[in-house]
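Asks: here is my input, please return the structure:
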Amino acid sequence: MPFSLRLNGKTHQVNAESGTPLLWVIRDELKLTGTKFGCGVASCGVCTVHLDGAPVRSCQTYIDDVDGAEITTIEAMAESDIGAAVQQAWVELDVVQCGYCQSGQIMSAVGLLSENAKPSVQEIDDYMHGNACRCATYQRIRAGIQRAAEILEA
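Replies: Below you'll find the predicted structure:
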């Protein structure tokens, strides 16, 4: 079934079955592989993308539900000031260990800083709670978010 979706500022025509998770449309149809598959039940955050600026789990967001929405993936995140600051902080602080979860971590971090420019440690932990990191780099992720807030403030 043909669907039209707006992804990273461009309109794409895709053929997908009704009920197909957005994750698989992004990865399989559009060949953007920065958005990863983790658990498939929206528990780990690895598949996080932005839907109209808000972080959502693409494994449980369906192609039928994104008509007219603006979808942003990790591939376009550096185009925003907040996304660029988060990515700069991640590099400065060497946040990444294995890296598998990091696109989802970054997408959620950008969502947090979009809502709250100077989050406390507790606010960071609460917001990022649904993003799993098997390498347990949570302290570095928290520090990266704090550093990105500093970069944005400067």
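Asks: which residues touch the most far-flung residue of the chain relative to its centre?
Replies: In terms of distance from the mean C-alpha position of the chain, residue 1 ranks first, at 26.5 Å (Cα atoms, centre = their mean). The neighbourhood of residue 1, defined by Cβ atoms under 8 Å, 6 or more residues apart in numbering, consists of 15-18. No exception for glycine: its C-beta is placed from N, CA and C like everyone else's.
Asks: nearest to residue 133 among those?
Replies: The shortest distance between residue 133 and any of the contacts of residue 1, using Cβ to Cβ, involves residue 16 and amounts to 30.1 Å.
Asks: from residue 1, how far out is the residue nearest the centre of the chain?
Replies: Nearest to the mean C-alpha position of the chain, counting by Cα atoms, centre = their mean, stands residue 107 at 2.6 Å. Shown here: residue 107 relative to residue 1, a distance of 27 Å by Cβ to Cβ, to the nearest Å.
Asks: what's the answer for residue 139, then?
Replies: With distances taken as Cβ to Cβ, residue 139 is found 45 Å from residue 1.
Asks: give me the average confidence score over the longest helix belonging to the chain.
Replies: The helix of greatest length in the chain, counted in residues with DSSP state H as the criterion, is given as helix 138-153. The average pLDDT for helix 138-153 rounds to 98.
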